[in-house]
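**Student:** Here's my sequence, what's the structure:
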Amino acid sequence: VHLVESGGGLVQPGGSLRLSCAASGFTFSSVAMSWYRQVPGKEPELVAAIFRTQSDANYADSVEGRFTISRDNAKNTVYLQMNNLEPEDTAVYYCVALSFWGPNIDAHRPSPDWGQGTQVTVSS
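**Tutor:** Model prediction:
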């Protein structure tokens with residue numbers, strides 16, 4: 001399993017970024033995918049997850065209405081569109097395959113398969 005994130009960077013508050021994650025080494029279309037983020041000294045936070053289609057997507061309360069997760073199974077890629085970014089969104093963002101898809105976002109469980117992460121910094 002290989003997951004490679006891209007698209008992070010420095011953006012001003014209120015700005016937008018789109019993260020991409022290219023996946024290989026497994027049957028991508030059959031696996032639920034997610035984006036976690038982590039700041040130093042804290043546990044990773046699951047911010048968005050998607051199973052087969054956009055209608056299966058769900059989000060953490062902290063990003064609901066601002067972030068959109070999507071996937072292109074033909075390209076083995078999952079995306080995270082982040083709008084109206086806030087300084088509190090500053091973190092390393094990781095693309096993660098899920099091992100369990102629960103009834104809500106708090107019940108999902110990550111697999112051991114994580115990307116290397118991409119830094120997102122929101123600052124003026």
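
**Student:** Confirm Leu98 sits in a helix?
**Tutor:** No. Read with DSSP: H, G, I helix; E, B strand; the rest coil, Leu98 is strand and lies in no helix.

**Student:** List the contacts of the spatially closest residue to it that is not a sequence neighbour.
**Tutor:** Leaving out its chain neighbours, the residue that sits closest to Leu98 by C-beta to C-beta, 6 or more residues apart in numbering is Ala32, at 4.0 Å. Placement of C-beta: from N, CA and C, glycine included. If you count contacts by C-beta atoms under 8 Å, 6 or more residues apart in numbering, Ala32 has them with 49-51, 56, 97-98, 101, 108.

**Student:** from those, which is closest to His2?
**Tutor:** Of all the contacts of Ala32, Ala97 has the smallest distance to His2: 10.7 Å, by C-beta to C-beta.

**Student:** For that closest one, give its distance to Ser70.
**Tutor:** Applying C-beta to C-beta, to the nearest Å, the value for Ala97 to Ser70 is 16 Å.

**Student:** More neighbours: those two, which one.
**Tutor:** Ala97 (21 against 16; other C-beta atoms under 10 Å).

**Student:** need the next SSE after the host helix or strand of Asp113, C-terminal direction.
**Tutor:** Element membership for Asp113 (DSSP states H and E) is strand 109-114. Scanning forward in sequence from strand 109-114 by DSSP H and E, the next helix or strand is strand 118-122.

**Student:** which strands and helices sit next to the worst-scoring helix or strand of the chain on mean pLDDT?
**Tutor:** Each helix and strand of the chain was given a mean pLDDT (mean pLDDT, DSSP states H and E); the minimum falls on strand 109-114 at a mean of 91. Contact here means 3 or more C-beta pairs under 8 Å, 6 or more residues apart in numbering; DSSP states H and E; on that basis strand 109-114 packs against strand 33-38, strand 91-100.
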